[in-house]
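>>> pasting a predicted model and its sequence here:
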Amino acid sequence: MNYSTLKKTVALSFASLLAVGAVSAHAVKDSTMSTATTPKIFGGSGQYRTWSIGVNAGVTSPFIAIGGSNNYSDFDLGFGYGVSLRDQLAHSFGVQLDVMGYGSKLAGHNMINATAAQAPGSFETKINYTATLSGVVNVATVDFLARKNSVNFFVSAGGGVIGYTPKAYKSVDQTGTVLRGTKDGDALMQIAIPIGVGLKFRLSDRAALNFGYTATFTDGDYLDATKVTSGSHKDKFSYAYGGLEFSLGSSAKPNLDWVNPVALMYDELKDPTLRQEVEALKGRVTNVENAVNDLKKDSDGDGVADQFDKCPNTPAGTVVDGSGCPIKFPAPDTTAKAAMAMPVATAYSNIQFEFDSSVLRTSSYPVLDATSADLRSSKKAVWVNGYASSEGTAAHNLQLSKDRANSVKTYLVNSGVDAKRIKVKGLGETHPIADNSTEDGRVLNRRVEFKK
């Protein structure tokens, strides 16, 4: 690729990115009210300023802080400068484009193991540009408990390209003959991988002061204008800098980079509106509890709630049906023939249940006690068949009828009847004895029958 064309392409791309950022920030500003807004914990990044632009300058070196192999024993500090464009995606993470300016330099001298007569004594490489995209993570802060963060520590890593022109010199002071080799004096472009750390100080809602260090690794061995004669290693350089960063967007929104999530959560929990909603919710819960207690109220103790009791104030011990009204049993036959017959049917009368319930009512105890006495004296077996009204699904009603029959069996077994003589069957909503289209009929169908 022609070097001039490449340089123009990089410059145009960077200018386009800056334009996109500026347009985005302008659009946000136009669509936001002039008064400051209060962010919500789960309100999304749209309630913050997230775009920022920065400028920086510092010193460059062909050596890096963590060491590694180099072709030269000594280095000269060079000058570097650049610009950045960042989008803060979350409280702790952002994406940043960095471009190092044209003319930044790397230099070194005293080539290691230089035995050949034409071995370079020094080199100077002009960095034409670097363009990298990195992820930036805010890893810690020294004042996280403050209402607003003021100091952030960050790390970064990414990838991109570097364009440079290397030159090797015979002399140590970079004067005299320029040694021409395969790459000397040529404009090169290679892959660059930057890894950095830094410290950021908040100056205002708009401005921050940055100090950082970045080690950039290249995919080549020509950055110092000298390729090793045996083996191969990748060249690298470091950049220590200071700079200013400016937040873009509407002043009605806070800068996401400095938001303290803990303080934000505390403020939202202390919000008077939220407290009013909580108190209103408590009131609604109390009303529901009172309504439930009213539904459960049974003034005459017949097992039927007042809400559904059609015969209130029934005497204690009265056997009632599902609507709370007394059940009328046929008068006992007092003839001699009847006296010699089996016990009267009163002992095996139907047991009624509440809607969608398998709990025995106290009004059913006299019938159950009479049934138990007869079974214990006669040693007979009996079928206990459970039924349900037609509300709900057939499967639910079948299970409900089984539960009702088992409730009766449990009572009888606990009163002394041999469990082996009691057979249980649930028949669901089948075999109704009354019309399921009326409440009176459904009350009678919620029952247990005895079959001898």
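Done, it's in.

>>> with only the CA atoms kept, save stretch 439-452 in CSV.
The C-alpha trace of stretch 439-452 is given here as CSV (Å, rounded to 0.1, in the frame of the first residue of the first chain):
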residue,chain,number,x,y,z
GLU,A,439,-75.5,-23.3,44.6
ASP,A,440,-78.0,-25.2,46.7
GLY,A,441,-77.4,-28.3,44.5
ARG,A,442,-73.6,-27.9,44.5
VAL,A,443,-73.7,-27.7,48.3
LEU,A,444,-75.3,-31.1,48.5
ASN,A,445,-72.9,-32.6,46.0
ARG,A,446,-69.9,-31.8,48.1
ARG,A,447,-70.2,-35.0,50.2
VAL,A,448,-69.1,-38.4,51.4
GLU,A,449,-71.5,-41.3,51.2
PHE,A,450,-71.3,-44.6,53.0
LYS,A,451,-72.0,-47.8,51.1
LYS,A,452,-72.3,-51.1,53.1
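
>>> in that stretch, what counts as buried?
For stretch 439-452, a neighbour-count test (16 or more other Cβ atoms under 10 Å) marks 442-450 as buried. No exception for glycine: its C-beta is placed from N, CA and C like everyone else's.

>>> closest one of those residues to residue 373?
residue 450 (13.6 Å; Cβ to Cβ).

>>> which of the buried residues of stretch 439-452 fall within strands?
Residues of those located in strands (DSSP state E): 447-450.

>>> okay, now the domains of the protein?
The chain breaks down into these domains under automatic domain parsing: 3-257, 300-451.

>>> looking at the ones you listed, which is nearest to residue 281?
domain 3-257 (18.9 Å).

>>> mean confidence for that closest one?
In this model, domain 3-257 carries a mean pLDDT of 77.

>>> same thing with stretch 302-312?
For stretch 302-312, the mean per-residue pLDDT is 80.

>>> contacts for it next, please.
With Cβ atoms under 8 Å, 6 or more residues apart in numbering as the test, stretch 302-312 has contacts from 294-300, 314, 318, 320, 322-326, 354-355, 361-364.

>>> in ChimeraX, select just the buried ones from the residues you listed.
To isolate in ChimeraX the members of these that are buried, counting by 16+ other Cβ under 10 Å, one can use:
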select :298,300,314,318,320,322,323,324,325,354,361,363,364
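
>>> residue 290 and residue 284, how far apart?
Residue 290 sits 11 Å away from residue 284, going by Cβ to Cβ, to the nearest Å.

>>> do the same with residue 194
Taking Cβ to Cβ, one finds residue 194 at 57 Å from residue 284.

>>> which of these two has more neighbours?
Neighbour comparison, residue 194 and residue 284: the larger count goes to residue 194, with 21 against 9 (by other Cβ atoms under 10 Å).

>>> isn't the more buried one right up against residue 216?
Yes. Applying Cβ atoms under 8 Å, one finds residue 194 in contact with residue 216, separated by 4.6 Å.

>>> list the residues that contact both of the two?
130, 132.

>>> quick one: residues contacting the nearest residue to residue 249 once chain neighbours are set aside.
Once flanking residues are discounted, residue 249 sits nearest to residue 49: 3.8 Å by Cβ to Cβ, 6 or more residues apart in numbering. Applying Cβ under 8 Å, 6+ apart, we find residue 49 in contact with 25, 28, 247-250, 253-256.

>>> adding neighbour count, distance to residue 140 and secondary structure, write those out as a markdown table.
Formatted as a markdown table, the contacts of residue 49 follow (neighbours: other Cβ atoms under 10 Å; distance: Cβ to Cβ, whole Å; DSSP: H, G, I helix; E, B strand; the rest coil):
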| residue | neighbour count | distance to residue 140 | secondary structure |
| --- | --- | --- | --- |
| 25 | 19 | 28 | helix |
| 28 | 19 | 29 | helix |
| 247 | 26 | 21 | strand |
| 248 | 21 | 25 | coil |
| 249 | 22 | 26 | coil |
| 250 | 19 | 29 | coil |
| 253 | 21 | 25 | coil |
| 254 | 19 | 20 | coil |
| 255 | 25 | 18 | strand |
| 256 | 23 | 17 | helix |
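
>>> of all the residues you listed, which two lie farthest apart?
Across these, the longest distance by Cβ to Cβ is 14.5 Å; it joins 25 and 254.

>>> now render the domains of the chain as CSV, adding distance to residue 278.
Below are these laid out as CSV (distance: least, Cβ to Cβ, whole Å):
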stretch, distance to residue 278
domain 3-257, 16
domain 300-451, 31
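
>>> and of the ones you listed, who's closest to residue 272?
The nearest among the domains of the chain, by Cβ to Cβ, is domain 3-257 at 12.3 Å.

>>> let me know the secondary structure of the nearest residue to residue 316 once chain neighbours are set aside.
Closest residue to residue 316 apart from its sequence neighbours, by Cβ to Cβ, 6+ apart: residue 301 at 6.4 Å. Put simply, residue 301 is coil when judged by DSSP: H, G, I helix; E, B strand; the rest coil.

>>> was I right to think residue 326 contacts residue 313?
No. Using Cβ under 8 Å, residue 326 is not in contact with residue 313, being 11.5 Å away.

>>> could you pull out the buried residues of the helix or strand containing residue 157?
Using DSSP states H and E, residue 157 sits in strand 151-169. For strand 151-169, the neighbour count (16+ other Cβ under 10 Å) marks 151-152, 154-156, 158, 160-169 as buried.

>>> confirm residue 374 sits in a helix?
Yes. According to three-state DSSP, residue 374 belongs to a helix.

>>> per-residue pLDDT, it?
So, for residue 374, pLDDT stands at 89.

>>> hang on, isn't it packed against residue 346?
No. If you go by Cβ under 8 Å, residue 374 and residue 346 don't touch, sitting 9.9 Å apart.

>>> settle it for me: which of the two has more neighbours?
Using other Cβ under 10 Å as the criterion, residue 374 and residue 346 rank with residue 374 on top: 19 against 16.

>>> how far away is the more buried one from residue 316?
Applying Cβ to Cβ to residue 374 and residue 316 gives a distance of 24 Å.

>>> average model confidence for stretch 283-296?
84.

>>> ranges for the helices of the stretch 251-400 of the chain?
Along the stretch 251-400 of the chain, counting by DSSP state H, counting those that start in this stretch, helices occupy 261-269, 272-296, 336-340, 365-378, 394-414.

>>> weakest of these by average pLDDT?
Looking at those, the bottom one is helix 336-340 with a mean of 43.
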